[in-house]
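**Student:** Need a 3D model of the following:
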Amino acid sequence: MKNTSSQKFRLGLFVIIGTALFITGVYLIGQRKEMFKKTFTISAYFQNINGLQRGNNVRYAGIDIGTVKNISMINDSTIRIDMNIDEKISNHIKKNAIATIGSDGLVGNMIVNIVPGKSVSEVIENDDIIESYSKIGTDDILNTLNTSTENAAILTSDLLKITNSITKGKGTIGVLLNDTIMAQDLKQSVTNLKIASRGASNTINELNAIVSSIKTNDNTVLGMILNDSISGEKLKHIVTNLETSSLEIDTLLNNINRIVDDFSSGEGAYKYVVNDTALVNSLKSTLKNIDEGTDKFNQNMEALKHNFLTRRYFKKLERQEKKEAKKGSN
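**Tutor:** Sure thing, here's the model as predicted:
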């Protein structure tokens, strides 16, 4: 009887302890699954959930506020995530909040992070759908790193080829690096450029000094013209007069040309003198006759001076001319 009662006691104690442990486990699991809290549901659409599973945590500003309730495939590029959110936190989440998928640490489970919106908005309600933002996944990062590594390998190979070519003296850079004569010529060219640049700088300084002296010195002609407004006005007046004189000379030349044209094309004596050869020959004959008549007249006058009838008259005229010449000299 004692043995039977002891067995029953032990069995009852085991059942009680087992029941307590079962209730505790169910409570803890319920706490994890938000079974004993008042919750509401919000949703978001993603293109890639990066391994997110049902029951994973939902965080808002780094605080666990719920779990992933359901994951459903809408089409080949859209996935819907339903989330159970603690009702106590509903007043802090606005309708412009943004949902993103991240990891819990470097190698932890995937979680949903809800980021507050930047602008003021209304408080979120049950069954609302919030905006989402898909971050670059680990696979995408690895693919990008793989591509970058391949490109880096190709680039390194090309650089190695270029370096070998330069070392062997191929190409312009290789020649510059290995040809000492060309290096000396290039060095001399750079030196010449420096000298030319220095000479150009000195020339510019001298020109600046000349311009400054012209601006400030009124003793030179150019400085006087630049600085003396009166001389400038006089020079302007002279130029105006020269332009007027040039116009008048041009008019005079036109008139002369017109007169010459009239002489050439007119019916006056000039045309006959220039074009009529008979008249010219007649004039030449007339002039010749006049010369011969003058010569004969002079001979006759000389003969009259020596004729005894008129000799006294001419001597008297000579004496009178001599007297008048003396009076004029006195």
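**Student:** how far does the host helix or strand of Gln7 sit from the chain's center?
**Tutor:** Element membership of Gln7, judged by DSSP states H and E, is helix 2-32. Relative to its chain's centre, helix 2-32 lies at 87 Å (Cα atoms, centre = their mean, to the nearest Å).
**Student:** Show me which residues of that helix are buried.
**Tutor:** Within helix 2-32, not a single residue qualifies as buried, counting by 16 or more other Cβ atoms under 10 Å. (Glycine included, C-beta is placed from N, CA and C.)
**Student:** Which helix or strand lies directly C-terminal to that helix?
**Tutor:** Next along from helix 2-32, by DSSP H and E: strand 39-46.
**Student:** so what secondary structure elements neighbour that following strand?
**Tutor:** Helices and strands touching strand 39-46, by 3 or more Cβ pairs under 8 Å, 6 or more residues apart in numbering; DSSP states H and E, are strand 63-75, strand 78-86, strand 98-103, strand 128-129, strand 131-133.
**Student:** what's downstream of it, the next helix or strand?
**Tutor:** strand 57-60.
**Student:** Check which helices and strands that following strand sits against.
**Tutor:** Against strand 57-60 (3+ Cβ pairs under 8 Å, 6+ apart) you get strand 63-75, strand 78-86, strand 110-115.
**Student:** Pull the residues that contact the longest one.
**Tutor:** Residues from elsewhere that reach strand 63-75, judged by Cβ atoms under 8 Å, 6 or more residues apart in numbering: 32-34, 39, 41, 45, 49, 52-59, 79-86, 89, 112, 114.
**Student:** ranges for the strands of the stretch 151-300 of the chain?
**Tutor:** For the stretch 151-300 of the chain, no strands are identified by DSSP state E, counting those that start in this stretch.
**Student:** List the residue ranges of the stretch 1-150 of the chain that fall below the pLDDT cut-off.
**Tutor:** Within the stretch 1-150 of the chain, the segments meeting pLDDT under 70 span 1-3, 27-37, 106-107, 135-140.
**Student:** Show the contacting residues for the residue nearest the centre of the chain.
**Tutor:** In the chain, the C-alpha nearest the mean C-alpha coordinate belongs to Ser197, at 25.6 Å (Cα atoms, centre = their mean). Under the criterion of Cβ under 8 Å, 6+ apart, Ser197 has no neighbours.
**Student:** any idea how this protein splits into domains?
**Tutor:** The chain breaks down into these domains under automatic domain parsing: 1-32, 39-135, 137-177, 266-330.
**Student:** need those domains in a markdown table with distance to Asn257, can you?
**Tutor:** Compiled in a markdown table, the domains of the chain are given as follows (distance: least, Cβ to Cβ, whole Å):
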| stretch | distance to Asn257 |
| --- | --- |
| domain 1-32 | 122 |
| domain 39-135 | 92 |
| domain 137-177 | 70 |
| domain 266-330 | 14 |
